[in-house]
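Asker: Sharing a model that was predicted from the sequence below.
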Amino acid sequence: MTASESLPIAEFQGDGISEELSHSIHRIAEDLPLDLQFQSVDLSLERRRAEPEAAFIEAEDAIRAHRVALKYPTITEDVSPNKVLRERFGFTVIHRPVSSIPGVETRHDGAVDLHIIRIAVGGTYEDAGRRVGTEAAVSVRVIERGPSQEAARFGFTLAQRLGCSLVSSSKHTIQKATDGLFEETVAEVSKDFPEVEHQTELFDALLAKLIMRPEDYRVVVCPNEYGDFLSDAACGMVGSMGLGASASYSFDKAGNPVLAMFDPAGGTAPDIAGNGVCNPAAAFWAFAMLLEHSGFRALGACLSDGVRDAIGAGQSTQDLGGSLGTAAFTEAVSAALKSRLTGEGKVPA
C-alpha cells in the first residue's frame, strides 16, 4: 500500500464534543499511509435551525458523491437528525460490534465478541401512535420483508467471513405475524449460506444466555427495537456506553451496500464539551470500520487494534479510570497505531 492511494470521505459535523472528536480523527488520519480527503458538512443544531433543508441536502450530496460518511454526535431538538439521514439515505441495516477491551474494568467476567445486526427501520419506532380516549393508546408495528432480507444477508455474509454461526432473535412465538415474517425471511436467506449454522432464539432467553455465556454468540440479527436494546446491554457488559461504534447501510437491488455511514454511538456530552476530556475511542473504531468497508481492511484492523493496545496498556481517558485527556489519549493511540503499522507489536505500558 502506498500513500498515493486516496479515500474521499463525507464528514458530518455535529454538536457538543463533535469538534474534539473531529480533531482527534484528523490527527490519526495523519498517521495512515493514505490520502484521506474529508468533505466537511455542518450538521450542528445552529445550522439545522437556520437552514435545515440546505444542511441535509449538502449531507446527501456529499455521501452520494463519496459513498461513505463519518458522522459525529448531534443534538435532537424537534426531529432526530439520525432519523432524517436514515430516511434520505435509505439506511435499512445497522451494524454494532461490541467486544471486551483489555484494561477496562467491568462487572462481568465473560468475554464478549459480538456483532449485532439490527434492522434500521420498522418495529415499534416508526409510529408514535395515538391516544384512544383517555385510558388507552395504540400504535402500529411494521416488519417488512425487504429490510429483513438485507439485514439477514449482511449478517450471514459477516458470519461466513468470521467462520461462525448466526443467531436470529425475536419474539416470534408471541408476535406471530410481524416477528414470524422476520424469522421466515431469515430462514429463507440462510439457504444461500449452507455453511453457516443458523439458530433462532427468543429475545428474552437470548438476553439471559448472553449474560451467562457471552462467548457462545458472535453474530445476532434482530428487528429494530430488539437490536437497539441488545446493543446498549452489550456495551454495558464491556464497561461503558461510550465504547460502541455503529455503521448504517443502504443497498442496491442486488443486495450490495451502496451508502455507508459510520459513527460513535454515544451522545454529544454537553457537560464536558470543550474541556478536552472526552473519549474518542468509539470515533476511532467507527473510523476503523469505515476503512475496512472501503477496502482498506488491514489499515482498519491496525487502527482498531491500536486503540485496544493503548487502553490495555493503561493509557486511557478519565471515563475508563485513566488520567489522559482527549489529546493525550489520541497521541497514545497514534503511537500504538504506528507500532502496528511498522509491525513492532503492541505499545508498551
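Answerer: Cool, the structure landed.

Asker: so what does the longest helix seen in the chain touch, helix or strand wise?
Answerer: Assignment by DSSP state H gives helix 145-162 as the longest helix of the chain. The contact analysis (3 or more CB pairs under 8 Å, 6 or more residues apart in numbering; DSSP states H and E) places helix 145-162 against strand 93-99, strand 113-119, strand 166-170, helix 178-190, strand 219-222, strand 245-251. C-beta here means a position set from N, CA and C on the backbone, and glycine is covered the same way.

Asker: Try it again at 10 Å.
Answerer: Using 3 or more CB pairs under 10 Å, 6 or more residues apart in numbering; DSSP states H and E, the elements in contact with helix 145-162 are strand 93-99, strand 113-119, strand 166-170, helix 178-190, strand 198-202, strand 219-222, helix 224-238, strand 245-251.

Asker: And the pLDDT at the residue of the chain most remote from its centre?
Answerer: Distance from the C-alpha centroid of the chain, by CA atoms, centre = their mean, peaks at G133 (39.7 Å). pLDDT for G133: 96.

Asker: circling back to that earlier point, and the longest helix of the chain, which residues are buried?
Answerer: 147-159 (16 or more other CB atoms under 10 Å).

Asker: out of these, who's nearest A298?
Answerer: L158 (17.9 Å; CB to CB).

Asker: ok, the closest one - contacts?
Answerer: Contact analysis of L158 by CB atoms under 10 Å, 6 or more residues apart in numbering lists H95, P97, H115, I117, C164, L166, V196, R218, V219, V221.

Asker: and the two most separated of those?
Answerer: P97 and V196 (17.7 Å).

Asker: Let's see the pLDDT reported for the residue nearest to R86 when sequence neighbours are not counted.
Answerer: Of all residues not flanking R86 in the chain, A120 sits nearest, at 6.0 Å (CB to CB, 6 or more residues apart in numbering). Looking at A120, its pLDDT stands at 96.

Asker: doesn't E144 make contact with A120?
Answerer: No - checked against CB atoms under 10 Å, the pair A120 and E144 is beyond contact range at 11.3 Å.

Asker: So for the two, which residues contact both of them?
Answerer: T92, E150.

Asker: Compute the number of surrounding residues for S168.
Answerer: 30 (other CB atoms under 10 Å).

Asker: and G239, what does it touch?
Answerer: S100, I101, G103, V104, E105, T106, R107, H108, V112, D319, L320, G321.

Asker: go on, R297?
Answerer: Contact analysis of R297 by CB under 10 Å, 6+ apart lists A288, L291.

Asker: now it: how far from M289?
Answerer: Relative to M289, R297 is positioned 10 Å away (CB to CB, to the nearest Å).

Asker: same thing with Q315?
Answerer: Q315 is 22 Å from M289, by CB to CB.

Asker: before we move on, the earlier item: what's the closest of the contacts of G239 to F262?
Answerer: Closest to F262, out of all of these and judged by CB to CB, is I101, at 18.7 Å.

Asker: Now that we're looking at the closest one, what pLDDT does it have?
Answerer: pLDDT recorded at I101 is 91.

Asker: hang on, F284 is in a helix, isn't it?
Answerer: Yes - the assignment for F284 by DSSP: H, G, I helix; E, B strand; the rest coil puts it in a helix.

Asker: just use 55 as the starting number from now, easier for me
Answerer: Let's use 55 as the start, then, which means that last one is F338.

Asker: In three-state terms, label the residue nearest to it when sequence neighbours are not counted for me.
Answerer: Spatially, and ignoring its direct neighbours in sequence, F338 is nearest to V361 (4.9 Å; CB to CB, 6+ apart). State at V361, reduced to three classes by three-state DSSP: helix.

Asker: re earlier: next up, phi/psi of the residue farthest from the centre of the chain, please.
Answerer: Phi and psi for G187, reported as degrees, to the nearest 10, are phi 70, psi -140.

Asker: Let me know the distance separating it from V194.
Answerer: Relative to V194, G187 is positioned 18 Å away (CB to CB).

Asker: same thing with F92?
Answerer: Per CB to CB, F92 is found 41 Å from V194.

Asker: Between the two, which is the more surrounded one?
Answerer: A count of neighbours by other CB under 10 Å puts F92 above the other of F92 and V194, at 17 against 9.

Asker: Please, which helix or strand holds the more buried one?
Answerer: Following DSSP states H and E, one finds F92 within strand 89-96.

Asker: That strand - which strands sit beside it in the sheet, and in what orientation?
Answerer: Using DSSP bridges, strand 89-96 pairs in its sheet with strand 60-67 (parallel).

Asker: Distance from the partner strand to the middle of the chain?
Answerer: Averaging C-alpha positions (CA atoms, centre = their mean, to the nearest Å) puts strand 60-67 17 Å from its chain's average.

Asker: again with stretch 201-218
Answerer: Worked out by CA atoms, centre = their mean, stretch 201-218 lies 16 Å from the chain centre.

Asker: got it, and stretch 309-326?
Answerer: 6 Å.

Asker: swap in stretch 94-111?
Answerer: On the basis of CA atoms, centre = their mean, stretch 94-111 sits 23 Å off its chain's mean C-alpha point.

Asker: what's the answer for stretch 179-188, then?
Answerer: Distance of stretch 179-188 from its chain centroid, counting by CA atoms, centre = their mean, is 29 Å.
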